[in-house]
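Chemist: predicted model follows, preceded by the sequence.
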Amino acid sequence: QVQLVESGGGLVQAGGSLRLSCAASGRTFSSYAMGWFRQAPGKEREFVARISANGGVTYYADSAKGRFTISRDNAKNTVYLQMNSLQPEDTAVYYCAADVGSIWNYWGQGTQVTVSS
């Protein structure tokens, strides 16, 4: 079992930045990949970014490339999502997820990000 708790969401003006955190517990954090997803009102949940278990490989959705950075600190059992140049279309609930033997089989409760224009 893996437990995930997100934090760091909030209200920010367009062009601003936020850093989301996701604290994990329950299994050896450095043994599995982590990801961030988001779900805007009335839309399906979509992939944002992924980071490998050791942090050496990252992958981004086109909407996140050049603006968002995923990172992890395995000593702190935490994955981060640094979001810069935020736009109103980035408004969503952001979720972290763990890939433990099966794709995205553990999820956090989500944290709200609201970007005002």
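Modeler: Yes, it's here. Numbers count the residues shown, from 1 in each chain.

Chemist: grab the nearest non-local neighbour of L4.
Modeler: For L4, ignoring the flanking residues on the chain, the nearest one in space by C-beta to C-beta, 6 or more residues apart in numbering is G108 at 3.7 Å. In short, each C-beta sits where N, CA and C put it, glycine included.

Chemist: residues contacting the one you found?
Modeler: By C-beta atoms under 8 Å, 6 or more residues apart in numbering, the contact set of G108 is L4, V5, E6, C22, Y95, C96, A97.

Chemist: for stretch 99-114, the averaged confidence score.
Modeler: Mean per-residue pLDDT for stretch 99-114: 93.

Chemist: quick one: that stretch to chain centroid distance?
Modeler: 8 Å (C-alpha atoms, centre = their mean, to the nearest Å).

Chemist: number of residues surrounding D73?
Modeler: By the criterion of other C-beta atoms under 10 Å, D73 has 12 neighbours.

Chemist: the residue nearest the centre of the chain pairs with what?
Modeler: By C-alpha atoms, centre = their mean, the chain has its centre lying nearest to W36, at 2.9 Å. Note on W36: beta-bridge partners by DSSP bridges are A49, C96.

Chemist: just L11 next, same as before
Modeler: Beta-bridge partners, per DSSP bridges, of L11: T114.
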